[in-house]
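**Student:** What shape does this take:
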Amino acid sequence: MAKLRHIAMVVEKMEETAQFYEKAFGMQRVRQHETAIGLSDGVVSLVIIHPSNVNMKRDDRRGLHHIGFLVEDMEGESKKAEANGAVRCGSIMLAAAEGGRETERKFRDPNGQVFDLTSPDYARDFWRVAV
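**Tutor:** Numbering: from 1, shown residues only. Coordinates of the predicted model:
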């Protein structure tokens, strides 16, 4: 069964937003880049993305951007999602130096909301959530 383990939002004030979630809810900073900050409570990952992030090109949405599900069987869960109306719209691949494998598949649900299906090793190593 897929488990909701990831939420991403796009905001202009990335650092201020991260500090709010750290101070208000005790989330811990687990990753930081120039245009994204990853926080975790150990169960769910919250990624705060600045609109200038390379993945935001041609996407002017703000606020909730996408949600992510941890799945054991990427292929099987992808087929199930597509059979129920999801449309695949991308992937995340690790850099060649990190193994070059697919770690996330991106889809749009029947309403157009983006969601990811993510492998356990990626969720553990990058989102820092229990798998």
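**Student:** Strands along this protein, start to end?
**Tutor:** With DSSP state E as the criterion, the chain has strands at 3-10, 28-33, 36-40, 45-49, 63-70, 87-93, 102-108, 114-118.
**Student:** Sheet-wise, list the partners of the fifth one with their directions.
**Tutor:** Strands adjacent to strand 63-70 in the sheet, as given by DSSP bridges, are strand 3-10 (antiparallel), strand 114-118 (parallel).
**Student:** Save those strands as CSV, and put in distance to Leu46 too.
**Tutor:** The C-beta positions use only the backbone N, C-alpha and C, and glycine is treated the same way. Shown next, in CSV, are those (distance: least, C-beta to C-beta, whole Å):
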stretch, distance to Leu46
strand 3-10, 5
strand 114-118, 14
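**Student:** do you know which of those strands lies nearest Glu34?
**Tutor:** Of all the strands paired with strand 63-70, it is strand 3-10 that lies closest to Glu34, at 14.7 Å by C-beta to C-beta.
**Student:** ok now that closest one, how far from the chain's centre?
**Tutor:** 5 Å (C-alpha atoms, centre = their mean, to the nearest Å).
**Student:** What residues of it count as buried?
**Tutor:** Judged by neighbour count (16 or more other C-beta atoms under 10 Å), strand 3-10 contains these buried residues: Lys3, Arg5, His6, Ile7, Ala8, Met9, Val10.
**Student:** Just give me the closest of the residues you listed to Lys23.
**Tutor:** Distance ranking of the buried residues of strand 3-10 against Lys23, using C-beta to C-beta, places Met9 first at 16.9 Å.
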